[in-house]
Every structure is written in C-alpha cells, then in structure tokens.
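Colleague: Show me how the following folds:
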Amino acid sequence: MQTLIQTRKIEDEERKQVILETLADKYSQEILQTIMDKPKSVTDITAETRIPVSTVYRRIQLLHDNKIVSISGTISDDGKKYFLYKSKIRSISIISDCYSTKIEIVPNITDSKEGFLEGNMAIQI
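Modeller: You can find the predicted model right below:
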C-alpha cells in the first residue's frame, strides 16, 4: 500500500524566519525528536534528553507558541494537571539560494490507536 505524503509550503517570510530560528536551537531539535512518535510529559522529556526541566519548559512553550508542538492534558484524581506534548511536524525541508528560502513541512500524523490523530489540513503551521 502506497501512502501519499502531503506537504505544506510556508509562504510568509516572517513565519519562515521563526521556524528557522526555532529549529536552529539544539534543545528544540532534541525535544522534537523525543516527542515525534509519542506524546510525552516534561518529566519524560527531561529523563530522555537530560535537558534541564526549566529549559524544557521554555522550549516547549516556544515550540507551542510557534505551532510546532501540540498539548493535550488531563487532571488527575488529586487535582494535578498532567500535560503531554507531541510534535506537529514529521519533517521539514529547507531549500535556500541567493534569492529565496523555500520551506515545506510534512505534518506528523500518527495512528489513531495511540489516541492521537490529526488531519493534514487541521494542522495550522
């Protein structure tokens, strides 16, 4: 069975700049790799990457503000909030020459059995 991969081109120059700056950060890259296949908590991300908790929170907020990460959450029986973070992007292609920069994003669509499913057009990047 062949799968069609839909990409989304980023046309807005300001949006391109934000994406490039965000992905240039090594911590953001590590976090995105960690949350690519499965939603994870900050505690899980910190344990896997060894990035300090405060740094993970700052980067997650930046990634979420830039619509690169989605947040889902629950409240436990004792009233604690428990948030999970998942990458909205599977991959990014960047082509740059002297005249322009082209960015294409492949959305991160996972199987509904994992409880996380996003439609291609539902992702606002």
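
Colleague: all strands of this protein, in order?
Modeller: 8-10, 69-75, 81-87, 89-96, 101-107 (DSSP state E).

Colleague: So for Ser54, which of the ones you listed sits nearest?
Modeller: strand 81-87 (15.3 Å; CB to CB). In short, each C-beta sits where N, CA and C put it, glycine included.

Colleague: Check which helices and strands that closest one sits against.
Modeller: helix 42-49, helix 53-65, strand 69-75 (3 or more CB pairs under 8 Å, 6 or more residues apart in numbering; DSSP states H and E).

Colleague: now the ones you listed in CSV, with mean pLDDT?
Modeller: Supplementary listing: the helices and strands packed on strand 81-87 in CSV, determined by pLDDT from 0 to 100:
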stretch, mean pLDDT
helix 42-49, 96
helix 53-65, 95
strand 69-75, 89
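
Colleague: Could you save those as JSON lines and add columns showing distance to Met36 and mean neighbour count?
Modeller: What follows is the helices and strands packed on strand 81-87, written out as JSON lines (distance: least, CB to CB, whole Å; neighbours: other CB atoms under 10 Å):
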{"stretch": "helix 42-49", "distance to Met36": "12", "mean neighbour count": "16"}
{"stretch": "helix 53-65", "distance to Met36": "12", "mean neighbour count": "16"}
{"stretch": "strand 69-75", "distance to Met36": "11", "mean neighbour count": "14"}
